[in-house]
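>>> Test case, fold it:
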Amino acid sequence: MLARSALSLRNVDACYGDSHVLHGVSFELAEGRLLGLLGRNGAGKSTCMNVVVGLLGARAGEVELFGEAVTRYPPERIAACGVSLVPQGRRVFRTLTVRENLAVAARRPRRTGAAPWTEERVFEMFPRLSERRNQTAGLLSGGEQQMLAIGRALMGNPRVLLMDEPSEGLAPQIVADVGRIIGRLKADGLSIVLVEQNLKLTLELADDVVIINTGRVAFRGSAAEVAADHALVAQNLGIF
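Next comes the predicted model:
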């Protein structure tokens, strides 16, 4: 039986002022799978995420979450429907403590059959955050802030988790740690969209891949297909 669609974008156009960024973008995230969203800087990856969470309205097209049209919903209603974002650049609340950062994002779970995300469950996954639970977030290292950004998103008990450049600016060992965490979340059945510049990390984790090039979908397929097609990677990502 085919997995149902957790998230679907259909023919989405989006603009920043007079700048037309997305042109008829369509892709689907199947329930319980990890979709890697790849592209050069400025290709439109983060814009896709902003449209999904309602921070940028779609000029045309539709966004659906488990079959429910959410295109015109405000961000707080989309979050209540079960979408959480780990934003690019982490964006933790620097003057709040680790515990306060987690508390402000807490929502009751909508997923059935899954253990709810609580403060203690986040601390079990991120022991370093547990050690620093009363420390203000602005004093954490970059890697610790990224862990906090992921933990904060999980406190929303999402059905769909969007991760925008989670490895950006991190040391290789921390990138490996983040990769293991994402792998655990995928194994738990969470539906994930991973926006990344790190091709190796993405191909290790993703089931499916979409490549965006200048605001248009250039490729949809499996991670294995991308790994085997060096010309595709070179043309659309500039990696040889």
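>>> So, low pLDDT: which residues of this protein?
Applying pLDDT under 70 to the chain flags residues 1-3, 111-113, 239-240.
>>> Repeat the analysis, applying 80 as the threshold.
Counting by pLDDT under 80, the chain shows low-confidence ranges at 1-3, 109-114, 238-240.
>>> Which parts of it are helices?
45-52, 75-80, 98-104, 119-125, 127-131, 142-154, 172-187, 199-205, 223-228, 230-237 (DSSP state H).
>>> which residues pair with the closest residue to I150 other than its chain neighbours across the strands?
Once flanking residues are discounted, I150 sits nearest to V86: 5.4 Å by C-beta to C-beta, 6 or more residues apart in numbering. Just so you know, the C-beta spots here come from the backbone N, C-alpha and C atoms, and that holds for glycine as well. With DSSP bridges applied, the residues forming beta bridges to V86 are M163.
>>> Contact partners for V63?
Shown in contact with V63 (C-beta atoms under 8 Å, 6 or more residues apart in numbering): 7-10, 12, 51-52, 69-71.
>>> distance of it from M155?
Distance of V63 to M155, given as C-beta to C-beta, to the nearest Å: 23 Å.
>>> and what of P116?
10 Å.
>>> Neighbour count for the two, which is higher?
Per other C-beta atoms under 10 Å, whichever of P116 and M155 has more neighbours is M155, with 22 against 13.
>>> Was I right to think the more buried one contacts A105?
Yes. Assessed by C-beta atoms under 8 Å, M155 is found in contact with A105 at 4.3 Å.
>>> still on that earlier bit, can you flag the buried ones in the contacts of V63?
Using 16 or more other C-beta atoms under 10 Å as the burial test, the contacts of V63 include 7-10, 12, 51-52, 70-71 as buried.
>>> re the thing from before, the residue nearest to I150 against V160, yeah?
No. If you go by C-beta under 8 Å, V86 and V160 don't touch, sitting 11.8 Å apart.
>>> Leaving out sequence neighbours, find the closest residue to P158.
In space, P158 is closest to S84, 3.7 Å off (C-beta to C-beta, 6+ apart).
>>> what separates the one you found from R90, distance-wise?
Distance from S84 to R90, by C-beta to C-beta: 14 Å.
>>> coming back round to it: report how many residues lie close to the residue nearest to P158.
24.
>>> Equivalent analysis for G67, please.
9.
>>> Kindly report the same for R4.
12.
>>> L29 is in contact with that one, correct?
No. Between R4 and L29 there is no contact under C-beta under 8 Å: 10.5 Å.
>>> Including distance to G39, could the helices of the chain go into CSV?
Converted to CSV, the helices of the chain look like this (distance: least, C-beta to C-beta, whole Å):
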stretch, distance to G39
helix 45-52, 5
helix 75-80, 23
helix 98-104, 30
helix 119-125, 29
helix 127-131, 31
helix 142-154, 21
helix 172-187, 19
helix 199-205, 11
helix 223-228, 12
helix 230-237, 7
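>>> number of nearby residues for S130?
15.
>>> List the residues that contact it.
123-124.
>>> Swap in 6 Å and give it another go.
F123 (C-beta atoms under 6 Å, 6 or more residues apart in numbering).
>>> now swap in the one 5 residues further on and tell me
Residues in contact with Q135, defined by C-beta under 6 Å, 6+ apart, are V98.
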